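1. please work out how this folds:
(one chain, ligands or ions: 1)
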Amino acid sequence: MAESEPPTDQAAGSRPLVLLTGATGYVGSRLLPLLQERHVRVRCLVRNPETANLPPDEWTELARGDVLDRGSLDAALHGVRTAYYLVHLMASTADFQRRDREAAENFAQAARTAGVRRIIYLGGLGDESDPKLSPHLRSRHEVGRILRESGVETIEFRASVVLGSGSLSFDLIQSLTNRLPVMICPRWLATPTQPIATRDVLAYLLAAMDLPPGPSRVLEIGGRDVVTYGQLIQEYARQRGLRRLLISVPVLTPYLSSLWLGLVTPATAEVGRHLIEGLRNPTIVQHPQALELFPIQPLGIQDAMREAIEQSQRNRPKAP
Ligand SMILES: NC(=O)c1ccc[n+]([C@@H]2O[C@H](COP(=O)([O-])OP(=O)(O)OC[C@H]3O[C@@H](n4cnc5c(N)ncnc54)[C@H](OP(=O)(O)O)[C@@H]3O)[C@@H](O)[C@H]2O)c1
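-> Below you'll find the model as predicted:
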């Protein structure tokens, strides 16, 4: 991405202010340097500024806040033009649906009160009309609906697995495939999904800032290829030179397999359980408007996987 000229003091003061929530999370922490490269004025809403450890920048400020604390949002959203909502509460409580709803309602009300012009949210793919949609995916959709109903223009992106090192879904695939030569998996091995490279998700999130004003929209985004979760695991194994045998059995219940995930991966059993419940649902792009709206050509599975593996190898701590 080309570097833009740094703004003068005066120009910076008149630049629109962007609020970034989830700045310490996987997606938000990768979006922040891209906003900084463009010299965007960013205010990061973080729960713990003392431990947030965000890259310093002249045009970046921190605001202490919590999406469950409405008062903190009023202050954080003051003067904000565009707000990124990159938060989920799956890790903090088993009752995440209620908390995510409460958080989205707080954010929606505070954004409307503050006169925010646009909310940009990254949620999850999945067919809303499917009665078996997992609580996690249903909750991601519910958050999008609440934000859209705020009356503030909302761009809701919906994605499936984000392929990049540090993304929980990629880390799950990596840990499982590295550790288990034979994987006994539930039926979700055959579920189709449309993984997207981190760089493409970030490109969409950035480009959404520059859309001309318009109605709220839901934009489904995905990589070039539709694959099954089994093929995703095999592609990882192929690129790492691993031979892996995947055996699909109907008896391994999602609950049992989440405990199994909890044992063999860095994710907690609780987060793993929510994610794995979603693996039974196809997560593919059915309405590809995003491809028409933005000049972004997402990577296919081989390139996206290669980038994720390379990032992961770069991030690996060096042996002493
Ligand atoms: N990663 C993927 O594969 C993927 C795929 C599809 C969609 N998405 C969507 O992308 C968005 C971001 O996901 P992610 O993977 O970046 O998640 P993540 O790494 O788990 O980060 C979650 C963020 O939410 C913040 N947060 C949690 N509770 C909060 C609260 N009460 N108040 C304020 N902030 C709070 C966390 O801050 P703390 O540091 O304070 O905990 C953290 O910065 C989510 O909407 C997710 O559904 C992700």
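2. hey, let's count contacts and neighbours off CA atoms from now on
-> Will do.
3. where does the stretch 151-300 of the chain have low pLDDT?
-> Scanning the stretch 151-300 of the chain for pLDDT under 70 picks out the ranges 251-270, 272.
4. now for the residue of the stretch 151-300 of the chain found nearest the ligand, how many residues are close by?
-> The minimum distance from the stretch 151-300 of the chain to the ligand, using C-alpha to the nearest ligand atom, falls at Val162 (3.9 Å). When neighbours are counted by other C-alpha atoms under 10 Å, Val162 registers 25.
5. now Pro295
-> Neighbours of Pro295 using other C-alpha under 10 Å come to 11.
6. for Asp69, same thing?
-> With other C-alpha under 10 Å as criterion, Asp69 counts 13.
7. still on that earlier bit, contacting residues around the nearest residue to the residue of the stretch 151-300 of the chain closest to the ligand once chain neighbours are set aside?
-> In space, and not counting its chain neighbours, Val162 is closest to Ile196: 5.1 Å by C-alpha to C-alpha, 6 or more residues apart in numbering. In this structure, Ile196 makes contact with 159-163, 221-224, 298-301, 304, judged by C-alpha atoms under 8 Å, 6 or more residues apart in numbering.
8. same deal with Leu86?
-> Leu20, Thr21, Gly22, Ala23, Gly25, Val27, Gly28, Tyr121, Leu122.
9. that older thread, with secondary structure added, can I get the contacts of Ile196 in TSV?
-> Below are the contacts of Ile196 laid out as TSV (DSSP: H, G, I helix; E, B strand; the rest coil):
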residue	secondary structure
Ala159	strand
Ser160	coil
Val161	coil
Val162	strand
Leu163	strand
Ile221	coil
Gly222	coil
Gly223	coil
Arg224	coil
Pro298	coil
Leu299	coil
Gly300	coil
Ile301	helix
Ala304	helix
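10. name the member of these with the most neighbours.
-> That'd be Gly222 among the contacts of Ile196, by other C-alpha under 10 Å, with 30 neighbours.
11. C-alpha coordinates for stretch 223-233, PDB please?
-> Extracted in PDB, the C-alpha atoms of stretch 223-233 (Å, rounded to 0.1, in the frame of the first residue of the first chain):
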ATOM      1  CA  GLY A 223     -11.800 -15.900  -1.000                       C
ATOM      2  CA  ARG A 224     -11.800 -17.200  -4.600                       C
ATOM      3  CA  ASP A 225     -12.400 -20.900  -3.600                       C
ATOM      4  CA  VAL A 226     -15.100 -22.800  -1.900                       C
ATOM      5  CA  VAL A 227     -13.700 -25.800   0.000                       C
ATOM      6  CA  THR A 228     -14.800 -28.200   2.700                       C
ATOM      7  CA  TYR A 229     -13.200 -28.100   6.200                       C
ATOM      8  CA  GLY A 230     -11.600 -31.400   5.300                       C
ATOM      9  CA  GLN A 231     -10.000 -29.900   2.200                       C
ATOM     10  CA  LEU A 232      -8.800 -26.900   4.200                       C
ATOM     11  CA  ILE A 233      -7.000 -29.200   6.700                       C
END
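12. neighbouring contacts of it?
-> 173, 177, 188-197, 246, 284, 298-301.
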